[in-house]
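Student: sequence plus the predicted model coming up.
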Amino acid sequence: HLATSLPLPSERDHLRPRIDLIVFMIDIKSKYSLKNIEASLAHVDASFFLGKVCFLVTGVGRMNCCSVEMNAIWKLGEVYGSPVLFCELELEGIRVATAQRLLRMLQICAGHVPGVSALSFGSLMRNSADD
């Protein structure tokens, strides 16, 4: 399910499936996308930041068209304790690899991978980014 911003409309709450992972997409060419995410973060329950949120930054192949400061993106990941992934959607190989990575994250967050919790996986992602 996709949403352009949060909070989600409440009139369909009873029909909404369980949310296992929230991926915030930031278009590096648009300051508006970062501002929208910053406003939306206030509507996410704190428990989701225990391994069930990540930030996906798109448009990284065109850093010369960058409107968003990389420090602001890294700070989001740091403040919310959530991994930051980078992707160039126009390159099929990278797009497929990113989709597979997100799918694996979703499987873990949904509890479909025995022995790995969303919390431990999120911790591993952050530790590997520090190395």
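Tutor: Happy to help now that I have it. Numbering: from 1, shown residues only.
Student: spatially nearest residue to Asp27, not counting backbone neighbours?
Tutor: Ser33 (4.3 Å; Cβ to Cβ, 6 or more residues apart in numbering). Heads up, the C-betas are built off the backbone N, CA and C, glycines and all.
Student: low-confidence stretches in the protein?
Tutor: Counting by pLDDT under 70, the ranges of the chain that qualify are 62-65, 121-131.
Student: select the longest helix from it.
Tutor: helix 92-109 (DSSP state H).
Student: circling back to that earlier point, the residue nearest to Asp27 and Glu92, how far apart?
Tutor: 22 Å (Cβ to Cβ, to the nearest Å).
Student: between the two, tell me which one has more neighbours.
Tutor: Neighbour totals were compared for Ser33 and Glu92, and Ser33 leads with 20 against 9 (other Cβ atoms under 10 Å).
Student: that one and Leu76 touch, don't they?
Tutor: No - look at Ser33 against Leu76 with Cβ atoms under 8 Å: they stay out of range, at 11.8 Å.
Student: phi, psi for the residue nearest to Asp27 please.
Tutor: phi -60, psi -40 (degrees, to the nearest 10).
Student: what segments of this protein are strands?
Tutor: 22-27, 53-58, 84-87 (DSSP state E).
Student: got the contact list for the first one?
Tutor: What it means is strand 22-27. Residues outside strand 22-27 that contact it (Cβ atoms under 8 Å, 6 or more residues apart in numbering): 33-34, 37, 40-41, 44, 48, 52-59, 68, 73, 102.
Student: if we use 6 Å, what do you get?
Tutor: Residues outside strand 22-27 that contact it (Cβ atoms under 6 Å, 6 or more residues apart in numbering): 33-34, 37, 48, 53-59.
Student: just the shortest one next, same as before
Tutor: Contact with strand 84-87 is made by 55-58, 60, 77, 94, 98, as judged by Cβ under 6 Å, 6+ apart.
Student: out of those residues, flag the one nearest to Lys29.
Tutor: Using Cβ to Cβ, Thr58 comes nearest to Lys29 of those, at 8.6 Å.
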